[in-house]
Structure formats: structure tokens, C-alpha cells
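S.K.: sequence unknown, structure follows:
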């Protein structure tokens, strides 16, 4: 008898079909002469209800064993369900319990647990409704990202995790070493003797694959990274992780307009695909976690994003009658309250701000003619705030060198990055998307630690 | 005028179509009154030939600028090619050179460069024919991997890069820290005071995501990882990297037979997809790098893999008339010479060896009833050797605990891994594939450093 995934059975199983399912018991209800067992295999939010009759040869034993959390295989025949809440159910003909879960000690009994508590049992929390839905949506989101780029001829490029350079000259980076930390070798000048370390020099965990992605874009035109990045920031907030995944497309022969077009199409595609593939999970988030997530998704999918310059946005904020906690003034970075005001109250849809002041943005962003602004863009979404940041890159060798020096960085370190402008330079652009932030906003989860399987944060690296 | 990718133009461009292409000059040939310029945009191995006539308004200037490596945009009309080697060519009507490449200093002039030299210019080598083909095949391979699993309902799970545990109890791992290495804080007992480190304990770069993938399989049934893994081994060989990508599927309710079925279907799918999507690149490798790569791919795609036990393989090797450098004896690990003999000379097709001696395999592999062997499997391919290693996992709590202790490991550290056997344990299995090894074997490249964009090896972390 063919074993079938429960998602598929719930969707298209027909009465009289003989099937088997394998999964974990969510609940068991004993009645007179029979019992209901809800089985979940992780393929769907919903479980399949199985009816076990007392004429099963091992009925008593199964009833004793099939507690919440036990693993089970049930073969039988699908029948129309008498109860409400499900279309069909499984009339069991044969039941095997593979592994029990002691009701006294198994932590996931049928009651609400706090997300804080669930983080302490990261090895079991994927079996809960909420985390199950999160990781299905996370997977759909990741698959949609690959599909979006692959369909458009972008190459997935693997930029290095271990790096000797620092993308923005400012990140707080983790060191990677195999020196003996109890006795770090020093040179005669009492400096760390990195010649004895694995890479013969200081090495770190990357904060961004962008600079290397630019290398690849100069050969393949359109590329994207999708990999882990790191921040050694001591930020204990609901929006920071020390290890997170980032998506960074990079396009040769592309200016900021092309960059914005791609980013808008990208976000629409991701939200649309996830709604199509995980409708029950998204409905669940809307009902249980945040009742605006479906409206936010709809807003992103169905509106043309508003595009305006930072300068125009500042003018707009200065003349509005809203009191902000942080001051609004040309040259200052926008705060979340400003960004949300623009997206939620002024335009009521996603907004792309462009052309930020030069001094608040990174050295690699393309300088405008008046040198006051750079060709940067941030996408702000209602309920979300900034979700994507990108720019046209500085492709002019002399300007880039000047900008590197102006920021107190050493052009020597960027020799290969400068070489890209020395040999066959082209206008190019790209953006970055924090993958966990996207999943967080898509699902409405309050804490980013609950949208990644095993979060790494200050003082925490469990599992 | 629509800019089109050169791969698409070469495949389906028709005479009289007005198009534009953007890319980099591979070669320029000046003739009397006109010139040929080959343009490559990375979408294909082949370049598009453009014909520039002297009646172009900027003909002289373009000719001076359009040297090898320069970036260029050419608009014009497709015409049937007079020359051999191409079906169509582009009659230029307008040409823009974006960025020059000084012929005196640009390192990639039209001549053969050694792969050793190309590694020193990792920022430019993707623009060569060979590395271009490698990274297109690498992308096709990666995309095929995601498609294979997504079509089968496997979730892509992101297991942590930074970890406080060590999968096999034996890997050489990189330390991750933000302690001040010049003055590492010590406790009163003169031990490193990890309470002051970012994670409050020793942390490392992962050597495998398997154990965490098992967590996810116990919730979603079928999952896979595809992410970077690390080894701090001081191995300066053509087959070792300190940072490489690994693919690790994990299936609940699956035994070793199911694991082998999946692995065989997986390999066939990957090779088949890459041949379909990158025929010119694969042809190029067969002609220029290794004239057996197409035959090897064909062998993998079209043969049912031979399955036999390690014990039978040893018997076979012992009674054959081949002299091996390393001894053959039950209980010893097989060497590459033995593996290749089996795959290439005995069976002449991929071979799956199963049921290895317990003492040469990891603690988590399922113990057979006689305890002499474990339910492990390795896939050996002709010309390749071992390409996949997997096992059915030990799902019995008491046996697993005993095995952990027998290997001198501390069961306390594996509390959560043991919990998976305590609560709803199921038969489960999985395998691991080194992604760069796969790309290396698929392309026939001699050195693994030439199939990853930015290789990390002892004393080397450039770019």
C-alpha cells in the first residue's frame, strides 16, 4: 500500500482509497469502542484524523502507546468524515507505533507554550503548529527566490563565508581561527602572529557577499547570492541575529531604475508564490499571530510601488503635522517611525526611497553629479519598514578610489575591487534582502529567533 | 531596442531581428574597412560575433577602445554569418564602449593561462572560457538539486553554520570568537574564560548539518540541507577545501534501501539536468579538460547502480588478481584504488557498497543485529570514486547511548539528539554529498579550487 503525504491526502484523497500514512500523533481521543487519532507528518498544518476501532487486533496496546508525540503508521481506507472540520478521515485497518513519547516527560502536550519556552526545546519546536507553519513558509519563500532568479537567467554564486576583507569597512565581525587561544603566538613586536594561523592572516565571517558578487556579475552579467552572513553585534533585540541568510542579486549593465524594477518584481513574486503554495499556513498566521499579514501581502502584490527621492521624503515629513520622536532633517538617517509613516499613512503601499545623502551611505554607492547624494534605494513596506536596501554601484575608478580614501579605508585592501573598474567596468546595481526579516514580516512573527531553525544570538548557540 | 542575452540570441535569434547585446570583448580582428568583435556576456560559452563597418560614426574610436576585456554595447541587426563556426552574426549599427581594458596591463589576453596563475586573479578568472563554463555548470547543478528535492516535497532547512557541537566527534574545526586574541581572558583556573565570548561558550564552524537535519526530519518527514561546511584540516591537496558546500537530505520513515533509491535517483537527475541545460559547456569539458566526462555522465544516467555489501566487496577484492598498494582485509577502510577497481573494472558502473564494519563508521549509524556492521552506504562511481556517503541512523535510544559512550563521547552533549529517540523516534536515513566534489567530477577539473569561486585552503583566503 502506497504511503502518502498527509497534505496530499487532505487535498485530493477520495473515499474508498486504500492508503497508509506515517507521522506523529498530535492528539488521541478515546470513546466507547473506538478512538480518534490525529496524525501529522509536517507536510501540512492540518492533521489527518484516523478512526481506530476496537476490533483492531492490537487496539489496547496502540491506545496505550499512541500518545501525543508518538510516531505511528496507519493503513486503512479513506471515508467521508462524519465530524466537522475535515472532509475525509482514515478508517484504520492496521496500526504500528514506531516510537512512544512518554506523556509524563514529553514537553509538547496539547496546550499553548510561550515562544520563549519553545526556544529552549529547539529540537522539538518544529513539531508545533506555529513553528511548523513558519518553516514551511520559509521553505516556500526560499524556493520562490531561487525560481525567480533562475527563470531570469541569474546564476546562483557562492561567495565565501570566511573572508579576509570587510565589505563595508564597518561591520562587527567574528574572527575565524585555529590558533591555540590559550597561548596565542605573538611576534617579536608583540602582535598576533597570524602567519601561524590557518589562513596565514586574520580571517573573519563575512558580513555580505556583495563585493564578490560584483566580481561574478562582471563575468556573467546577472548573478545572485543566497547564503549565510554574520554580525558580531551585541544586539539582543527581536530583529537581530548573529547568523542570518541574505539574498544579494547583482546586475551588470543596470542602473538604479533597473534595480528598483527587479526588486519590486522580486518582492511581488515571493509573496504571491508563498500565498499560492502555503495558503493554510498564511491563513493560520493571519488568525493566530498577526491579523494584518494577508492584507500586507495583498498590498505588496497589488500596488505599484511609490518611488520618490529621500529629499522629497524629507520635505514631506517636515511639513506633515505628525510629531516624531527623532528629528527630521536633510542629512539624517530615517528612523523606523518615519519609514512607516511614509508607507502606512502617506502612500499606504510600498515606497522606494532613492538618492540618499552621500555621508550616510556606503562608499561603493554611485555618486550623483552634485556629490550630495548617492544612487541608493531602500524599499519600505507598510507594517514592515525597510525590507530591501540597494544601490547602483560606483563604476568609475577615480571616484571610487576617492570615496574609499574619504572613508578612511585603505585602497590597497580593495585592489581587486578597484580592478573591476580598471578592466571593462560597467554600470551595475544590486540589492540585499535579509531573508529572516522577510520571513518574519511575511508571517507576522514577533521575534526573528522564531523564523530560523536554530537562532544564534548573544550568549546563545544551542543545538 | 530590447537587450538580449547572447545565449538566447545564439540559440534562437533570426536574421533581420534588430537587437542589442551587452558584454565584454573577447577578441577584436581588424580588416580592411571593417572589424570583427566577439562579445561574451557570460550567458554562454560561445560569443556573438559582431561586424563593425567603417561607416559607424565612432568607428575609429571604438576600434581603439574595444580591446579584449572592454565592456561594450552593440545594437544592430542579425544577419546570417558568412564565416564558419557561427550561424548568425550581428551587423552593428551603434556601438558604445563602457569601460576599456588596457592591453598592456589586462591579464587575460587571448592565450592559455595556467589554472595556478588564474587562481591569483580570482576576480578576473570567471571571464575565461573554462571558469565561465565551470560556474554555469555549478549553477545548473545547484538549481537541479533544489528542484529535485522541492518536487518531492522535501523542505530546504538552514542548519546553523556556527555551532557549539561537533557532528562526528572527530572533525577538525575552526573556532569562531570575538574575544580579544591579543589578551584572551582566563579564569582563575587558567582556562579560557568563554563566559566573556560572544556565545558564552566555545563555538565552531559546522562540519555537517546532519544532526540538526535529523531534528527537522522528525517534524517534516523529508528535509535537506544545502549550505557551507568547514574543515580546519591542513590538507593541501587537489580534493580538499577548508570551506565547501554540502547537500544532506534526511528522511523519516526511511531505511537504507529507501536511502539508496533516493541517492541513485538524485545523482541521475543531477547529471541529466546539467547535460540538458549546459550541453556546450559539458562538450567543452569533454574536449578540453577530460575526454571521459560525457561517458561518465552517461554511465551514471543509464545504469542501474550495483548494490553489494562491504563484506562481499572484500571477498571480491581478495580473490581478484590485482595487486593493490594498500592491503585488503575485512575491517579495513577501502582506499580509492579499491573503490575505483570495483566501479571501473568489475562492474563498470556505479556501485553502492553497504553494511560497513562498525568500528570504521560514525556512532549514529544503525547497528546491525550481529553488531559487526552498520547500515552505512557509500556510492562509488567510475573515474570518480566515492561521491556519496550515507546511512540509516540509529533510532534506538539504548543502542545510540551505548554507541556514543563506546566512542568516548559524552552523552550529555548529545541530550537533544538522544531526545529525538526518546520522543516519537522513527527509522530514518540520509546521505551527504560534497557539492564541489560533484562539480569537480562532473566537469573533469583536476583541482577542486577551480570549481568554487573563491577557494579557502591553508594559507589562502584571497578575495
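M.R.: Looks like it arrived, so ask away. Model, not experiment: these values are computed from the prediction.
S.K.: where does residue A:266 fall, phi/psi-wise?
M.R.: Phi and psi for residue A:266, reported as degrees, to the nearest 10, are phi -60, psi -50.
S.K.: cool, residue A:392 as well?
M.R.: Main-chain dihedrals, residue A:392, degrees, to the nearest 10: phi -80, psi 140.
S.K.: what's the answer for the one 4 residues further on, then?
M.R.: The phi and psi torsions at residue A:396 (degrees, to the nearest 10) take the values phi -90, psi 120.
S.K.: what residues are up against it?
M.R.: When contacts are counted by C-beta atoms under 8 Å, 6 or more residues apart in numbering or on different chains, residue A:396 touches A:421, A:425. Any C-beta I mention is one placed from the backbone N, CA and C, and that applies to glycine too.
S.K.: roughly how far apart are it and residue B:183?
M.R.: 43 Å (C-beta to C-beta, to the nearest Å).
S.K.: one more: residue A:446?
M.R.: Counting by C-beta to C-beta - residue A:446 and residue B:183 are separated by 39 Å.
S.K.: which one's more surrounded, these two?
M.R.: residue A:446 (13 against 8; other C-beta atoms under 10 Å in any protein chain shown).
S.K.: tell me how many other residues surround the closest residue to the more buried one other than its chain neighbours.
M.R.: Nearest non-adjacent residue to residue A:446, counting by C-beta to C-beta, 6 or more residues apart in numbering or on different chains: residue A:238, 6.0 Å away. Residue A:238: 11 surrounding residues under other C-beta under 10 Å.
S.K.: name all residues that make contact with residue A:238.
M.R.: By C-beta under 8 Å, 6+ apart, the residues touching residue A:238 are A:446-449.
S.K.: likewise residue A:176?
M.R.: A:162, A:198-199, A:203-205, B:174-176, B:205.
S.K.: could you do residue A:349 as well?
M.R.: Counting by C-beta under 8 Å, 6+ apart, residue A:349 touches A:299, A:303-306, A:343, A:382.
S.K.: how does it look with 6 Å?
M.R.: A:299, A:303 (C-beta atoms under 6 Å, 6 or more residues apart in numbering or on different chains).
S.K.: wait, a strand at it?
M.R.: No - looking at residue A:349 with DSSP: H, G, I helix; E, B strand; the rest coil, it is coil, so not inside a strand.
S.K.: how would you label residue A:139: helix, strand or coil?
M.R.: helix.
S.K.: can you tell me the closest non-neighbouring residue to it?
M.R.: residue B:155 is the one closest to residue A:139 (C-beta to C-beta, 6+ apart), at 4.1 Å.
S.K.: could you do residue A:106 as well?
M.R.: Using C-beta to C-beta, 6+ apart, the nearest residue to residue A:106 is residue A:69, at 4.5 Å.
S.K.: surely the one you found meets residue A:99?
M.R.: No - counting by C-beta atoms under 6 Å, residue A:69 stays clear of residue A:99, with 8.8 Å between them.
S.K.: shared neighbours of these two, anything?
M.R.: residue B:424.
S.K.: how is the residue in the stretch 301-450 of chain A that chain B sits nearest to assigned, secondary-structure-wise?
M.R.: With C-beta to the nearest C-beta, the shortest gap between the stretch 301-450 of chain A and chain B falls at residue A:425, namely 3.4 Å. Following three-state DSSP, residue A:425 is assigned to coil.
S.K.: run a quick neighbour tally on the closest residue to it other than its chain neighbours.
M.R.: Closest residue to residue A:425 apart from its sequence neighbours, by C-beta to C-beta, 6+ apart: residue B:99 at 3.4 Å. Residues lying near residue B:99 (other C-beta under 10 Å) number 22.
S.K.: rewinding a little: Three-state assignment for the residue nearest to residue A:446, please.
M.R.: Quick answer, by three-state DSSP: residue A:238 is coil.
S.K.: got a pLDDT number for it?
M.R.: Residue A:238 is assigned 93 on the pLDDT scale.
S.K.: the residue nearest to residue A:65 when sequence neighbours are not counted: how many residues sit nearby?
M.R.: Distance criterion C-beta to C-beta, 6+ apart; nearest residue to residue A:65, sequence neighbours excluded, is residue A:97 at 4.2 Å. Applying other C-beta under 10 Å, we find 21 other residues in the vicinity of residue A:97.
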